[in-house]
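Chemist: Structure of the sequence below:
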Amino acid sequence: MIEFSSQNDFVLEQSERVESWLKAAALKESYGIDSLGYVFCSDDFLLEINQQFLDHDTLTDIVTFDYTEGTILNGEIYISTDRVADNAKDFNVDFDTELRRVIIHGLLHMCGYGDKTDDEKSNMRKKEDEYLALWAV
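Modeler: As a prediction, the model looks like this:
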């Protein structure tokens, strides 16, 4: 089950399509999904989570709490729609494209992909691009 909720006034469009896309991506990575919660929120809300749980005092677009066991995904993913909007402008892409990139980024973290080193970042970006291309099909 995948649930989408908001701590701000954001409403996810095409939520059923997003859910199907995420399930297909998880399956392609050899994972199933038990329970994923995506929470869309403001910068302030996510900053508070970042400070309280990760001891980071920086703005970010996503925080993922991964409770996966084996190959069954479980977790909570918090996404700042403020950051997504700013990053979309910075990267010269539309909001929906950047939002999908962040949504799949969280799922890929739960599938074991990191983004700390340059090699990990490059691999993560390739995977994001691969799944963004699947969205377009």
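
Chemist: Pull the distance from the helix-or-strand element of the chain with minimal mean pLDDT to the chain's centre.
Modeler: Least confident helix or strand of the chain, by mean pLDDT, DSSP states H and E, is helix 43-54 with a mean of 87. With Cα atoms, centre = their mean, to the nearest Å as the basis, helix 43-54 stands 16 Å off its chain's centre.

Chemist: Name all residues that make contact with Arg101.
Modeler: By Cβ atoms under 8 Å, 6 or more residues apart in numbering, Arg101 lies in contact with Glu128, Leu132. Every C-beta, even on glycine, is put in place using the N, C-alpha and C of the backbone.

Chemist: Distance check, it against Ser35.
Modeler: Distance, Arg101 to Ser35, using Cβ to Cβ, to the nearest Å: 23 Å.

Chemist: For the least confident helix or strand of the chain, C-alpha coordinates in CSV please.
Modeler: In CSV, the C-alpha atoms belonging to helix 43-54 read as follows (Å, rounded to 0.1, in the frame of the first residue of the first chain):
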residue,chain,number,x,y,z
ASP,A,43,10.6,23.6,4.1
ASP,A,44,10.0,24.5,7.8
PHE,A,45,8.2,21.1,8.5
LEU,A,46,11.0,19.1,6.9
LEU,A,47,13.8,21.2,8.5
GLU,A,48,12.3,20.3,11.9
ILE,A,49,12.3,16.6,11.0
ASN,A,50,15.9,17.0,9.8
GLN,A,51,17.0,18.6,13.0
GLN,A,52,15.0,16.3,15.4
PHE,A,53,15.8,13.0,13.8
LEU,A,54,19.0,13.4,11.8
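
Chemist: Dump the C-alpha coordinates for whichever helix or strand comes after that helix into PDB.
Modeler: Next helix or strand after helix 43-54 toward the C-terminus (DSSP states H and E): strand 62-66. Taking Å, rounded to 0.1, in the frame of the first residue of the first chain, the C-alpha atoms of strand 62-66 are listed here in PDB:
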ATOM      1  CA  ILE A  62      13.600  14.700   1.000                       C
ATOM      2  CA  VAL A  63      14.100  12.700   4.200                       C
ATOM      3  CA  THR A  64      13.500   9.000   4.000                       C
ATOM      4  CA  PHE A  65      12.800   6.800   7.000                       C
ATOM      5  CA  ASP A  66      13.500   3.200   5.800                       C
END
